[in-house]
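Student: let's see this in three dimensions:
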Amino acid sequence: MSDEIMERLRKSPLPFAELLGLELVSATPECVEARLPVRKELCTVPDIMHGGAIMALADTLGAIGTVLNLDQGASTTTVESKTNFLAAIPLGETAHAISTPVHRGRKLMVWQTRISRDGGKLAAIVTQTQLVL
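Tutor: Model (predicted):
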């Protein structure tokens, strides 16, 4: 099933994810994994990944996970997101993100994304709520 999902996502990539440079590693209804190389355009001063870029990475993964769990014809939107920033991710490293469901209900889904830097140090934890439309 994962190969089929990945092929579908490759054929219809998300425009904002492409702009970010997000590289989808795997995607199933239980787990979405991606990486994002930290380049200058995603940084603040002094050359560390901007918090908004970290949040955008997590939001994208949580949305993909939710979509993979939707009934046909349904859609989703983020209604809440909370981020704990734990460590900086410097320019030249890669943000590694894994998003898993906390709750998959009929009207709301909650996803947690753990973002690490090269070497495995945890950089951020994002919890988001997706409304099922």
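
Student: which parts of stretch 124-133 are buried?
Tutor: 124, 126-130, 132 (16 or more other C-beta atoms under 10 Å). Backbone N, C-alpha and C define where each C-beta goes, glycine included.

Student: closest to Gly62 out of those residues?
Tutor: In terms of C-beta to C-beta, no member of the buried residues of stretch 124-133 lies closer to Gly62 than Gln128, at 4.6 Å.

Student: what ranges does the chain have for its helices?
Tutor: Applying DSSP state H to the chain gives helices spanning 2-11, 15-20, 51-67.

Student: the last one versus helix 2-11: what angle between them?
Tutor: Taking axes from the mean of the first three to the mean of the last three C-alpha atoms, to 10 degrees, one finds helix 51-67 and helix 2-11 inclined to each other by 130 degrees.

Student: tell me which strands and helices helix 51-67 is in contact with?
Tutor: helix 15-20, strand 23-28, strand 31-37, strand 76-85, strand 94-104, strand 108-116, strand 122-132 (3 or more C-beta pairs under 8 Å, 6 or more residues apart in numbering; DSSP states H and E).
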